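Visitor: what's the 3D shape of this:
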Amino acid sequence: MAKTLVLTFIATDRPGLVDKLSTTVTAEGGNWLESRMAHLAEKFAGIAMVDIADDKVASLRAALTALDAEGFHLTVEEASDTAPPQGPLLDLDLVGPDHPGIVREISHCLAERGASVEEMATDIREAPMGGDALFYAKAKVRLPAGLGEDDLRHALEDLAGHLMVDIALHE
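Guide: As a prediction, the model looks like this:
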């Protein structure tokens, strides 16, 4: 029987971090399934999902814990066997002048309606003309049963006016 583990990690960025982590997983008999990683503010952070045989979980945990000595900060969580989320998955795109609170307002609007953020990436870029900072967000949002796409779209459009940003929601 195999277990699915979710690893989160962060370390000061340097060449070879992914190699070290993936080598450790493979050496312990694990199979790297899925991951997301990014360089942020001189750090390298990520999340990965791996499968490993039940009888090898403890040795993988020990090997990953040993990476602390090399500057990794890791957590290892066992994934549950719950059913995958249901409901339509929509893309949300946002752009507008940067100011504090945009992510909080958007995530609060989604949470109030029971929508779930499946993925999100944000960044700040210089505006093409004028040089002001623009905030960009791309997200995948899962709607719960009973919430229509139009209902969420209207709520986000109302919020967009308040935040002075452009929001698009689409399949």
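Visitor: Can you give me the buried ones in stretch 107-126?
Guide: By neighbour count with 16 or more other Cβ atoms under 10 Å, stretch 107-126 contains the buried residues 109-110, 113, 115. From N, CA and C alone the C-beta is placed, and that goes for glycine too.
Visitor: would you turn the residues you listed into a markdown table with distance to residue 3 and pLDDT?
Guide: Formatted as a markdown table, these follow (distance: Cβ to Cβ, whole Å; pLDDT from 0 to 100):
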| residue | distance to residue 3 | pLDDT |
| --- | --- | --- |
| 109 | 36 | 97 |
| 110 | 31 | 97 |
| 113 | 34 | 96 |
| 115 | 30 | 96 |
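Visitor: Out of those residues, which comes closest to residue 1?
Guide: Closest approach between the buried residues of stretch 107-126 and residue 1, by Cβ to Cβ: residue 115, at 34.2 Å.
Visitor: was I right about the closest one contacting residue 143?
Guide: Yes - using Cβ atoms under 8 Å, residue 115 makes contact with residue 143 at a distance of 5.5 Å.
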